[in-house]
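> Mind looking at a prediction? Sequence and model below.
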Amino acid sequence: MKKIRFLMPVGFLLIAAGFSAVVMLLWNWLMPSIFGLITINFWQALGILVLARILFGGFKAGKMMNHKMHQGHHNSPMHDKWMKMSPEQRMEFIEKRRKFGFGHQGREEFFGKEFYADNKTRESGNDNE
């Protein structure tokens, strides 16, 4: 167990050094000839990677971190309330949201008002077919 604790930071440093080297090589190969920029050294490439991480939130910590982040919505009060609703209560909730304009902005303009009105009569069961 102690060996793994020692190897993880070393592995992280090796991966960071590898990415920095790749960024440096690609930058020095492409940027001066395409955009007329100067070449960069290893530490500047590492700085670009850190800056990209700060600005764009990349370099996620793997599947476990993503799994933990996406797991949280199942513990929300709204999710619990939705799961306890009957199908009729769910439809009532959806209709209330539609009535007050949540969720379907622009639908009438996209399909046309005739299509939208025709679908409403079908959904309510007042179809004459």
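Thanks, I have it. Numbering: from 1, shown residues only.
> The closest residue to Ala45 other than its chain neighbours sits in which helix or strand?
Counting by C-beta to C-beta, 6 or more residues apart in numbering, Ala45 lies nearest to Met24, which is 3.7 Å off, once chain neighbours are set aside. C-beta: built from backbone N, CA, C; applies to glycine. Using DSSP states H and E, Met24 sits in helix 2-35.
> which other helices and strands contact that helix?
Where contact means 3 or more C-beta pairs under 8 Å, 6 or more residues apart in numbering; DSSP states H and E, helix 2-35 is packed against helix 42-56.
> pLDDT below threshold where in this protein?
1, 58-74, 101-129 (pLDDT under 70).
> dump the residue contacts of Phe12.
Contacts for Phe12 (C-beta atoms under 8 Å, 6 or more residues apart in numbering) come out as none.
> ok, Lys96 - contacts?
Here Lys96 is in contact with no residues (criterion: C-beta under 8 Å, 6+ apart).
> Tell me which residues of the helix or strand encompassing it come out buried.
Using DSSP H and E, Lys96 sits within helix 87-99. Going by neighbour count (16 or more other C-beta atoms under 10 Å), nothing in helix 87-99 comes out as buried.
> Which segments of the protein make up each domain?
2-62, 84-124 (automatic domain parsing).
> Identify whichever of those lies nearest to Ser76.
domain 84-124 (12.9 Å; C-beta to C-beta).
> do you know how far Met8 is from Ala52?
Separation of Met8 from Ala52 (C-beta to C-beta, to the nearest Å) stands at 23 Å.
> Have a look at the two and say which one is more surrounded.
Ala52 (13 against 10; other C-beta atoms under 10 Å).
> Tally up the residues packed near Phe56, please.
That count, for Phe56 with other C-beta under 10 Å as the rule, works out to 8.
> If you could redo that for Gln44, that was the one I meant.
15.
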